[in-house]
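> Build me a structure from this.
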Amino acid sequence: MVFKRALKENYHSGLAMLLQAVERCPVELWTAPNPPAGPSQDTGSEWNGVERPFWRIAFHTVYFTHLYLGQDEEAFKPPPSELAVSRRPEFERMWRAPWDLEPYELATGTGPCRPADVIAYLVFVDGLVDATVDALDLDRPSSGFSWYPKESKASHQLLNLRHLQGHVGQLSELLMLRGIDVDWV
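The predicted model follows:
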């Protein structure tokens, strides 16, 4: 029970920091293109070959926090239809198995989500945390996700939190370059 409480606290804190980052993102940064490759970067790297403006990073972060929060692939349910992100036709393949599309793989011309739409999705996911974590079988030897065959369920939950916080850090750095800070929650 102590570990589940710690998971819930960290999910809520990480999502609160992500919420701050989205709320504080200036309009011009929301859709800004990737920065150019520096001299030490491989110009053929994924970063330069995939469009990753602020909105895609934020949406990607909420999406995977949502997907990996549950017990397994079968437990995943798309967000309710009243959320704008669930009604976008170009996002449809993200909401059903085998999840052969993820936010970074959306076509280059895909219009951005509005900040309010990402926030609504984030608030929805945050509302799932307590009941979902309470129902997890953390002693399960497998993650429940076929592409993580060697992870236990407990380890996979920690991986999900690392992923969430890693992208919060990434978005925070983009904001800090503009003199905007995100509070540590």
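> C-alpha from now on. contacts and neighbour counts both.
Will do.
> Pick out the residue nearest the middle of the chain.
T61 (1.3 Å; Cα atoms, centre = their mean).
> I'd like the next helix or strand past the host helix or strand of it.
Per DSSP states H and E: T61 is located in helix 54-69. As assigned by DSSP H and E, the chain's next helix or strand after helix 54-69 is helix 84-87.
> Show me what that next one is packed up against.
helix 115-135 (3 or more Cα pairs under 8 Å, 6 or more residues apart in numbering; DSSP states H and E).
> Give the next helix or strand downstream of the helix it packs on.
Following helix 115-135 toward the C-terminus (DSSP H and E): helix 153-176.
> List the buried residues in that following helix.
Of the residues in helix 153-176, 153-157, 160-161, 163-165, 167-169, 171-175 count as buried by neighbour count, 16 or more other Cα atoms under 10 Å.
> go on, stretch 81-94?
84-86, 91, 94.
> got it, and stretch 117-135?
Buried-residue list, stretch 117-135, by 16+ other Cα under 10 Å: 117-126, 129-130, 133.
> so where's this structure uncertain?
35-50 (pLDDT under 70).
> switch to 50 and redo it
47 (pLDDT under 50).
> Include distance to H66 when you put the buried residues of stretch 117-135 into CSV, please.
Shown next, in CSV, are these (distance: Cα to Cα, whole Å):
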residue, distance to H66
D117, 15
V118, 12
I119, 13
A120, 13
Y121, 9
L122, 9
V123, 11
F124, 9
V125, 6
D126, 9
V129, 9
D130, 13
V133, 12
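> and the helix holding T61 with helix 115-135, angle?
Taking axes from the mean of the first three to the mean of the last three Cα atoms, to 10 degrees, one finds helix 54-69 and helix 115-135 inclined to each other by 20 degrees.
> quick one: helix 54-69 to helix 153-176, angle?
Interaxial angle, helix 54-69 versus helix 153-176 (the same axes, to 10 degrees): 170 degrees.
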